[in-house]
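In: Prediction below, plus the sequence it came from.
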Amino acid sequence: MIEVDQVGVVAGEVTLLAPVSAAARRGEALIVRGRNGTGKSTLLRVLAGARKPSSGAVRIGGGSVAERDRGFRRRVSTMIGLPPMAVDLTVRDHVMLVATTWFDDPAAAVDLASGVLAELGLDQLGERFPHELSSGQTQLFGLALVLARPFEVLILDEPEQRLDPDHIESVIRVLGSRRDDGATLVIATHSAVLAEALADQNLQLEIAA
Ligand SMILES: Nc1ncnc2c1ncn2[C@@H]1O[C@H](COP(=O)(O)OP(=O)(O)OP(=O)(O)O)[C@@H](O)[C@H]1O
């Protein structure tokens, strides 16, 4: 489903990502690990189509990566960094906005949005504005936005950030259920707990020589 073939990224004299290869099939999680600055976020940006590799190639579902292509975006849902937020839309408004953008059937959109908020323990916070959330709640909100829509591939950069151990466990359960439903997960993480719970494939990045 995802094939990374000798993908490297350089900017001028700087190596952002030394060439790496990896693959993950449907229903598998590829866990990307490595010290700060080894290029995890850079690799995820390449997979999401937000950055062009300087060398090598990526294929997702047998096709090339194309951020501007709606068909590609329907298949690939990505969380890298904090989500963009509208200050005067509530948490529920944001999640509904995503769901209704991707589903023609309003009832299906409401069901998915409500289900995702409940799964992540955010249903009591649905009427809050984004600035009324704690940092960990903001992280869960970002996850809700990428889950409240269709996808075949889920790309997540450090989903454990700012979460306490209990919430990391609940995020592991939620992501594991998506993997069991057939999604391909690509997750960069510094959490050994999350990596051990979800990894089918592992990619360890090293500092460029
Ligand atoms: N626009 C840029 N120009 C030059 N170097 C960059 C740029 N963006 C990132 N880098 C460098 O590329 C390397 C990889 O950065 P990246 O954010 O991918 O690492 P990471 O493994 O995700 O790190 P962390 O664990 O700290 O999140 C780092 O050395 C970083 O300083």
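Out: Right, received. Where do you want to start?
In: can you tell me how far the residue lying closest to residue 133 once chain neighbours are set aside sits from residue 129?
Out: The shortest distance from residue 133 to any non-neighbouring residue, by C-beta to C-beta, 6 or more residues apart in numbering, is to residue 141 (6.0 Å). Every C-beta, even on glycine, is put in place using the N, C-alpha and C of the backbone. Separation of residue 141 from residue 129 (C-beta to C-beta, to the nearest Å): 11 Å.
In: joint contacts of these two?
Out: Common contacts of residue 141 and residue 129 (C-beta atoms under 8 Å, 6 or more residues apart in numbering): residue 91.
In: And for residue 103, the neighbour number?
Out: 18 (other C-beta atoms under 10 Å).
In: how about the helices in this protein?
Out: 40-48, 70-75, 91-102, 106-119, 135-147, 165-180, 192-198 (DSSP state H).
In: ok and the fifth one relative to helix 91-102, angle-wise?
Out: Okay, so that is helix 135-147. With axes from the mean of the first three to the mean of the last three C-alpha atoms, to 10 degrees defining the directions, helix 135-147 sits at 20 degrees from helix 91-102.
In: What of the longest one?
Out: Using the same axes, to 10 degrees, one finds that helix 165-180 and helix 91-102 are set 10 degrees apart in direction.
In: what comes into contact with the worst-scoring helix or strand of the chain on mean pLDDT?
Out: In the chain, the helix or strand scored least confidently by mean pLDDT, DSSP states H and E is helix 70-75, which has a mean of 85. Applying C-beta under 8 Å, 6+ apart, the external contacts of helix 70-75 come out as 49, 60, 61, 63, 65, 66, 67, 102, 150, 151, 152, 153.
In: Looks like the second one contacts residue 47 (just checking).
Out: Put plainly, it is residue 60. Yes. In this structure residue 60 lies within contact range of residue 47 using C-beta atoms under 8 Å: 7.1 Å.
In: which residues do these two both contact?
Out: Counting by C-beta under 8 Å, 6+ apart, the common neighbours of residue 60 and residue 47 are 2, 76.
In: ok, now how distant is the residue nearest the centre of the chain from the ligand?
Out: Central residue check for the chain by C-alpha atoms, centre = their mean: the C-alpha nearest the mean position is that of residue 156, 2.4 Å away. Separation of residue 156 from the ligand (C-beta to the nearest ligand atom, to the nearest Å): 12 Å.
In: Likewise for residue 153?
Out: 19 Å.
In: What parts of the protein come near the ligand?
Out: Within the chain, the positions lying close to the ligand (C-beta under 6 Å from any ligand atom) are 11, 14, 16, 34, 36, 37, 38, 39, 40, 41, 42.
In: rerun that using 5 Å as the cut-off
Out: Within the chain, the positions lying close to the ligand (C-beta under 5 Å from any ligand atom) are 11, 14, 16, 36, 37, 38, 39, 40, 41, 42.
In: any idea which of those residues is closest to residue 84?
Out: residue 41 (16.8 Å; C-beta to C-beta).
In: What distance do you get for the closest one to residue 20?
Out: When distance is defined by C-beta to C-beta, residue 41 is 13 Å away from residue 20.
In: Many thanks, have a good one.
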